[in-house]
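Colleague: show me how the following folds:
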Amino acid sequence: VFNKFEEEEAEEQPRRRKLVPLDYGEEDEDKGLGLTAPCSGGGGGGGGGGDGNHGEEKRKHVKSLIEKIPTARPELFTYPLDWTMVDSTLMDRRIRPWINKKIIEYIGEEEATLVDFVCSKVMAHSTPQGILDDVAMVLDEEAEVFIVKMWRLLIYETEAKKIGLVK
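Modeller: I've put the predicted structure just below:
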């Protein structure tokens, strides 16, 4: 009698959907910017030990830069973004992959049209509120979190580019 119940339970498990973890906290991934990968490299494929201090210095710069970026929506949306730093290279290397990753997290699948749409809005220097209004229909309650995080990433990337943290 007991074995039969265990067999039924074992048969059910493969049918369960795989859940995609969503990060809701601002503390994850260096305050939601996804900055864990770029700062771990050290800048030269492990250049023999002399590279350690430079990596630590860079990490401090990154951390202080992140702390300067506002987290509250009103201050964030009024932050003066340096649009001269937003170019196709920055879009293709950092912003587009991040947008694509987040869209997959929120929707559950790749949505190239939506990614292209958001990227075109950014390249057209749209306001964050304007982009938020446009994606709200698709992303519902995740739209605000998405745009806030994307705008923080944009600010980070433009500021980091200005001071030479990223190429």
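
Colleague: please identify the buried residues of the lengthiest helix in the chain?
Modeller: Longest helix in the chain by number of residues (criterion: DSSP state H): helix 142-162. Under the neighbour-count criterion of 16 or more other Cβ atoms under 10 Å, helix 142-162 has 142-143, 145-161 buried. Backbone N, C-alpha and C define where each C-beta goes, glycine included.

Colleague: mean confidence score for it?
Modeller: The average pLDDT within helix 142-162 is 92.

Colleague: going forward can the numbers begin at 38, since that is how I track them
Modeller: Done: numbering now begins at 38, and the last item shifts to helix 179-199.

Colleague: mind giving me the packing neighbours of it?
Modeller: If you count contacts as 3 or more Cβ pairs under 8 Å, 6 or more residues apart in numbering; DSSP states H and E, helix 179-199 packs onto helix 65-69, helix 89-105, helix 110-115, helix 125-127, helix 133-144, helix 149-160, helix 165-176.

Colleague: need the residues that contact that helix.
Modeller: Contacts with helix 179-199, where a contact means Cβ atoms under 8 Å, 6 or more residues apart in numbering, come from 61, 68-72, 99, 102-103, 105-106, 108, 110, 113-114, 116, 118-119, 122-123, 127, 131-132, 135-136, 139, 143, 155, 159, 165, 168-169, 172-173, 176, 203.
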